[in-house]
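Peer 1: Structure, please.
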Amino acid sequence: MEGQLALLRTIGTRLGTTLDPETTARELCSVAVPHLADFAAVLVVDHLFADTDTEPADGDRADGPVAVRRVVLAHEDGAPRWEEPPAEGGAVAPAVNGPRARLGEPLLVPGVDPALAEDLASDLGMPSAGPRLAGRSLLVQPLTARGTVLGRMVLVRDAGRRPFGTTDVATAAELAARGALHLDNARLHRLESRAAATLQRSMLPTRPPRIPGVEIAHRYRPGDRRAQVGGDWFDAVPLPGGRVALVVGDVMGHGLHSAAVMGQFRTAVQTMAALDLPPAQLLRHLDNLAHRLGQDHLATCVYAVYDPIHRTLTLANAGHIPPVLARPEGGPSELLQIPHGAPIGVGGVAFETVEVPVPDGSWLVLCTDGLVEVRGQGIDDGLADLCRAVIDPGQTPEEVCDAILGRVHSEDRQDDVALLVARFEGIAPEDVATWQLEAAGEEVRRARALTRKQLADWGLDRLADTTELLVSELVTNALQTRTGPVELRLMRVGKLLVEVGDNDHNLPQLRSAEAHDEDGRGLGLVSHLSTRWGTGRRAVGKVVWFELPLPQ
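Peer 2: Here you go, the predicted model:
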């Protein structure tokens with residue numbers, strides 16, 4: 001009896017030291033062997049501890065066959081090992097829950113009949129252990145917590161030892177109950193971590209967009225290793241004219257609440273970026289939105305627009321740490337001197353837009369303060385380290401991201417990290433052609449002629465007929481709704497990108513045209529003949545664009 005009490009006293013100190021299911025199962029077996037048994041195994045219901053979100057099969061229920069997974073086993077030191085045991089972590093086949101060992105029910109067999117040993121072992125989920133069960137004492141306890149059957153604990157005593165009795169059953173039941181609770185805590189923690197990671201992945205871009213004239217890479221590191229979520233975000237949004245909006249933001253706080261607020265802000269920024277608002281105006285609208293959403297919606301954000309044709313970067317800042325710009329000639333990087341502004345949600349503070357020239361080969365580094373904030377030091381020290389991280393022009397943006405994280409970031413930091421790196425290459429002037437068309441019907445004919453000539457100069461005569469037809473349709477539509485000049489732009493950027501813009505803010509809609517209709521077919525032709533097309537807002541008016549692949 002004293003031995004049993006001593007065993008129970010050790011449970012509290014040896015079980016549940018981590019939230020890892022495998023470690024918890026190993027601790028459970030180590031408590032049982034050798035004090036309570038010569039052999040112990042923990043088997044868990046497979047679908048409850050699987051690394052996927054798949055539902056169990058129809059038969060995988062408590063009242064039918066249930067597939068189990070052997071997590072861990074333990075032997076008494078010096079005892080012979082069981083023959084051909086299934087690998088730890090391996091799923092047991094066939095599924096178990098047979099009549100001799102129902103899952104969720106305890107089982108005591110003082111001495112296993114050799115004639116039944118193999119069938120009993122199969123029902124337990126240990127089909128290869130049948131010969132070793134014969135003549136030994138067997139005790140099985142279900143692992144049940146919060147109404148869920150998680151699996152079973154199997155205990156075996158050798159023939160030379162006293163068979164299990166009622167006192168052993170009570171001790172094993174207490175051990176299984178406590179062990180099951182810790183296992184369930186580990187299971188729930190794994191589910192929550194997986195759900196949080198899925199939430200974070202769904203809120204952040206998975207891969208950078210492919211945009212002419214700029215290469216982009218990004219990284220995210222959660223500060224909360226348990227929750228795996230936070231309020232930092234980044235984005236790259238394509239804009240008309242080959243431009244791209246680069247965004248990095250940081251919602252104040254940590255955890256799921258910050259992640260939810262971050263999702264609202266990111267969606268709002270994407271929506272307003274599609275309206276092609278100037279950076280300062282976009283931040284003002286975002287600040288107004290934060291006040292409508294709630295008093296606790298506070299965030300810092302920097303919003304930058306890169307124009308690969310004019311080689312300019314237009315930025316506005318809302319209380320965020322300044323971006324770092326590395327010039328193409330190499331050497332140390334520099335912090336961009338832009339107005340700091342106030343965080344989103346503060347209100348009453350003006351945001352200012354600044355334009356910076358960026359020659360081809362320049363690099364832009366946007367990050368959140370978790371990358372540069374060092375415990376015991378000011379944030380300026382971290383920014384200085386970031387500026388001293390010389391960027392090798394021969395590196396890719398992905399390599400630069402890894403190099404910056406390796407040099408500046410350390411795993412003991414508690415804040416989230418969002419990092420976005422962009423290399424600006426611009427679009428060569430000879431790959432862009434732009435014309436202003438006057439408000440006259442003959443301009444449609446001129447647009448077709450200009451398009452055909454430019455494609456001939458580029459050696460793209462095979463695209464001339466299709467491009468000329470689609471340009472004619474879009475220019476005709478624009479001239480019908482404009483109150484000013486119409487802009488036609490062709491860009492050769494690994495594909496043929498054509499844009500037609502005007503100062504009318506109403507976006508055209510794709511609609512079906514009946515046989516007798518005299519209009520309504522233009523966008524249908526664009527949709528049918530181009531590989532991609534779309535519409536977008538500009539600071540004044542709209543743009544309609546389409547893409548065609550370049551001939552091989």
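Peer 1: In stretch 524-538, which residues are buried?
Peer 2: Using 16 or more other CB atoms under 10 Å as the test for burial, stretch 524-538 gives L525, V526, L529, S530, W533, G534, T535, G536, R537, R538. In this view, the C-beta of every residue, glycine as well, is placed from N, C-alpha and C.
Peer 1: Below-threshold pLDDT in the stretch 1-150 of the chain: ranges please.
Peer 2: Applying pLDDT under 70 to the stretch 1-150 of the chain flags the ranges 1-13, 51-73, 75-101.
Peer 1: in it, which spans are helices?
Peer 2: In the stretch 1-150 of the chain, the segments counted as helices under DSSP state H, counting those that start in this stretch are 2-14, 21-32, 46-49, 117-124, 130-133.
Peer 1: So what touches the last one?
Peer 2: Okay, so that is helix 130-133. Defining contact as CB atoms under 8 Å, 6 or more residues apart in numbering, one finds that helix 130-133 is touched by W82, E83, V112, A117, E118, D119, L120, A121, S122, V156.
Peer 1: Of those residues - the most surrounded one?
Peer 2: V156 (27 neighbours; other CB atoms under 10 Å).
Peer 1: Provide the secondary structure category for that one.
Peer 2: strand (DSSP: H, G, I helix; E, B strand; the rest coil).
Peer 1: about what we covered before: mean neighbour count, the helices of the stretch 1-150 of the chain: which tops it?
Peer 2: With neighbours defined as mean count of other CB atoms under 10 Å, the helices of the stretch 1-150 of the chain peak in mean count at helix 21-32, which reaches a mean of 22.
Peer 1: Test my guess that H285 contacts V269.
Peer 2: No - counting by CB atoms under 8 Å, V269 is not a contact partner of H285; they are 9.5 Å apart.
Peer 1: who has more neighbours, those two?
Peer 2: The neighbour comparison of H285 against V269 (other CB under 10 Å) goes to V269, with 24 against 15.
Peer 1: Give me the next element, helix or strand, following the helix or strand where A260 lies.
Peer 2: Assigned by DSSP states H and E, A260 falls within helix 255-274. Later in the chain than helix 255-274, the nearest helix or strand by DSSP H and E is helix 279-293.
Peer 1: Return the set of buried residues in that following helix.
Peer 2: Neighbour counts over helix 279-293 (16+ other CB under 10 Å) mark P279, A280, L282, L283, R284, L286, D287, L289, A290 as buried.
Peer 1: so where is the stretch 401-550 of the chain shaky, pLDDT-wise?
Peer 2: Counting by pLDDT under 70, the stretch 401-550 of the chain shows low-confidence ranges at 409-414, 482, 512-521.
Peer 1: show me where it has helices.
Peer 2: Going by DSSP H, counting those that start in this stretch, the stretch 401-550 of the chain shows helices at 443-457, 464-481, 522-529.
Peer 1: Ok, which of those helices comes nearest V346?
Peer 2: helix 464-481 (40.3 Å; CB to CB).
Peer 1: contacts for the closest one?
Peer 2: 437, 439-441, 443-444, 447-448, 451-452, 455-456, 486, 488, 490, 496, 498, 500-502, 504, 506, 508, 521-523, 525-526, 529-530, 544, 546, 548.
Peer 1: Would you mark the buried spots in it?
Peer 2: Across helix 464-481, burial judged by 16+ other CB under 10 Å covers 464, 467-468, 470-479.
Peer 1: circling back to that earlier point, make a markdown table out of the helices of the stretch 401-550 of the chain and add distance to R14.
Peer 2: Shown next, in a markdown table, are the helices of the stretch 401-550 of the chain (distance: least, CB to CB, whole Å):
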| stretch | distance to R14 |
| --- | --- |
| helix 443-457 | 77 |
| helix 464-481 | 73 |
| helix 522-529 | 67 |
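Peer 1: which one of these lies closest to A274?
Peer 2: helix 522-529 (18.3 Å).
Peer 1: The closest one vs helix 464-481, what angle?
Peer 2: Computed by axes from the mean of the first three to the mean of the last three CA atoms, to 10 degrees, the angle separating helix 522-529 from helix 464-481 equals 150 degrees.
Peer 1: what helices or strands is helix 522-529 leaning on?
Peer 2: Other helices and strands packing on helix 522-529, by 3 or more CB pairs under 8 Å, 6 or more residues apart in numbering; DSSP states H and E, are helix 464-481, strand 532-537.
Peer 1: Which of the contacts of helix 130-133 sits closest to R14?
Peer 2: V156 (20.6 Å).
Peer 1: Count the neighbours of E438 for me.
Peer 2: As a measure of burial, E438 has 11 neighbours, counting by other CB under 10 Å.
Peer 1: wait, isn't A539 in contact with D276?
Peer 2: Yes - because the distance of 5.5 Å satisfies CB under 8 Å, A539 is recorded as touching D276.
Peer 1: circling back to that earlier point, I'd like to know which of the helices and strands packed on helix 522-529 is closest to G230.
Peer 2: Minimum separation from G230 across these (CB to CB) falls at strand 532-537, 31.0 Å.
Peer 1: Quickly run through the sheet partners of the closest one, with directions.
Peer 2: strand 542-548 (antiparallel) (DSSP bridges).
Peer 1: Mind listing residues that contact the partner strand?
Peer 2: 240-241, 463, 466-467, 470, 474, 477-478, 495-502, 504-508, 526, 530-537.
Peer 1: switch the cut-off to 7 Å
Peer 2: With contact meaning CB atoms under 7 Å, 6 or more residues apart in numbering, strand 542-548 is reached by 240, 463, 466-467, 470, 474, 495-502, 504-505, 507-508, 526, 530-536.
Peer 1: so what's L455 up against?
Peer 2: Contacts of L455 by CB under 7 Å, 6+ apart are D461, L463, A464, T467.
Peer 1: what's the first one in contact with, if anything?
Peer 2: If I follow you right, that is D461. D461 neighbours (CB under 7 Å, 6+ apart): L455.
Peer 1: Relative to its centre, which residue of this protein is most distant?
Peer 2: G160 (56.4 Å; CA atoms, centre = their mean).
Peer 1: can you give me the strands for the stretch 101-250 of the chain?
Peer 2: Counting by DSSP state E, counting those that start in this stretch, the stretch 101-250 of the chain has strands at residues 107-109, 137-145, 148-157, 214-221, 232-238, 244-251.
Peer 1: Could you do the stretch 301-450 of the chain as well?
Peer 2: Using DSSP E, counting those that start in this stretch, strands in the stretch 301-450 of the chain cover 312-318, 324-326, 334-335, 354-357, 362-367, 417-424, 432-437.
Peer 1: for the ones you listed, which one sits closest to L188?
Peer 2: For L188, the closest of the strands of the stretch 301-450 of the chain is strand 417-424, at 27.2 Å, according to CB to CB.
Peer 1: buried residues in that closest one?
Peer 2: Per 16+ other CB under 10 Å, strand 417-424 contains these buried residues: V417, A418, L419, L420, V421, A422, R423, F424.
Peer 1: So which of the residues you listed is the closest to F49?
Peer 2: The closest of the buried residues of strand 417-424, once distances to F49 are taken by CB to CB, is V417, at 30.7 Å.
Peer 1: what about A539 and D276, which has more around it?
Peer 2: For A539 and D276, the more surrounded residue by other CB under 10 Å is D276, and the numbers stand at 21 against 10.
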